[in-house]
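[1] only geometry, no sequence info:
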C-alpha cells in the first residue's frame, strides 16, 4: 500500500517525485524480500479478509519493474523481473501477461540484463541456436501463408488418431488444468496414457472378441 500511494500520479501525465518513487521502490523491495514459494506450490485458501495473498497479487511486479526503469535502475528492474518470472511466470491474474511487460517503456534496456542470467534467472530463456531454429520455422510458415493463403486446421474426420488425441488432451488441459494439477499432472501430454501393446490388445480380444479396427488404431497411440 505504501508503494502504491507513493508512486501514484497526482496529476495525470506526470510522474511522482523522484524522492517518492525511491521510497516506493524501497517499500516494494521489502515486500518481495519476504519468502515466497513458486506459484506451482502455492495452496490458496479463502479466509475472508484474512486470506493470504501472493506478493505479486498485492503489488504487481510489472508495476515495480516500470518504477525501477523510471528511476534508471535497470539492474534492479532485471532482478525484480527475474524474481517474478521464476516465482509466478506469465499469467493474467496479477498483471503479468507477456504483452504487458513488452509494452513497458524502457523494457528493452532491461531484457539484455535479464538474458545474462540465462535459464537460472529466466525459465523462459531461449538459447541462440534454438531461437535461430524458431526464426527459420516462423519465416517458412509466413512464406507458406503468403504463397498459399490461410491454412485451416483439418476437420477431425480428416486427421489421424495422434493429432486428434493431442487436440483432445490440450483442450482438456485448458478447461480442467486445476483438477489435473491436483492429480499430479504437469502438462497436456501427461493426460494421455501410454500406447497399448499388441499383447494387451490380444488379451482384450480374447475376453470380449475382436475389437473394431479404428479402436485398435487409437489405443496403439494412447490407451486412454
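    That came through fine. Remember, predicted model here, so these are calculated numbers, not experimental data.

[2] Only C-alpha atoms from now on, for both contacts and neighbour counts.
    Fine.

[3] Need the three-state assignment for the closest residue in space to residue 221 that isn't next to it in sequence.
    Closest residue to residue 221 apart from its sequence neighbours, by CA to CA, 6 or more residues apart in numbering: residue 195 at 4.9 Å. Per DSSP: H, G, I helix; E, B strand; the rest coil, the secondary structure class of residue 195 is coil.

[4] Residue 195 reaches residue 217, doesn't it?
    No. Contact criterion CA atoms under 8 Å: residue 195 and residue 217 do not qualify, at 9.9 Å.

[5] show me the contacts for the residue nearest to residue 221.
    By CA atoms under 8 Å, 6 or more residues apart in numbering, residue 195 lies in contact with 219, 220, 221, 222, 223.

[6] so which of the residues you listed comes closest to residue 68?
    Residue 68 has its nearest neighbour among those in residue 222, at 49.6 Å by CA to CA.

[7] what does the model give the closest residue to that closest one other than its chain neighbours for pLDDT?
    What sits nearest to residue 222 in space, not counting adjacent residues and going by CA to CA, 6+ apart, is residue 195, at 4.2 Å. Note for residue 195: predicted pLDDT of 95.

[8] Distance of residue 195 relative to residue 139?
    As for residue 195, its distance to residue 139 is 35 Å (criterion: CA to CA, to the nearest Å).

[9] what does residue 103 give?
    Look at residue 103 and residue 139: by CA to CA, they are 24 Å apart.

[10] now the helices for the protein?
    Along the chain, counting by DSSP state H, helices occupy 2-7, 18-32, 55-58, 61-70, 74-87, 98-102, 107-115, 118-121, 128-148, 161-182, 198-208, 213-219.

[11] Please name the residues that touch the spatially most central residue of the chain.
    Centroid check for the chain by CA atoms, centre = their mean gives residue 90 as the closest residue, at 4.5 Å. Residues near residue 90 by CA under 8 Å, 6+ apart: 96, 97, 98.

[12] Of the residues you listed, select the buried ones using a PyMOL command.
    Burial among the contacts of residue 90 is assessed by 16 or more other CA atoms under 10 Å; the matching PyMOL selection reads:
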select buried, resi 96
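
[13] can the contacts of residue 90 go into a markdown table with extra columns for pLDDT and distance to residue 78?
    Below are those laid out as a markdown table (pLDDT from 0 to 100; distance: CA to CA, whole Å):
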| residue | pLDDT | distance to residue 78 |
| --- | --- | --- |
| 96 | 86 | 15 |
| 97 | 88 | 16 |
| 98 | 89 | 15 |
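
[14] Name the nearest residue to residue 123, sequence neighbours excluded.
    Among residues not flanking residue 123 along the chain, residue 86 sits closest, at 6.4 Å (CA to CA, 6+ apart).

[15] Show me which positions of stretch 103-118 end up buried.
    By 16+ other CA under 10 Å, the buried positions in stretch 103-118 come out as 107, 110, 111, 113, 114, 115.

[16] Next, count neighbours for residue 81.
    The number of residues packed near residue 81 is 25, by other CA atoms under 10 Å.

[17] Any figure for the gap between it and residue 22?
    According to CA to CA, residue 81 stands 18 Å off from residue 22.

[18] separation between the residue nearest to residue 123 and residue 212?
    Between residue 86 and residue 212 the computed distance is 48 Å (CA to CA).
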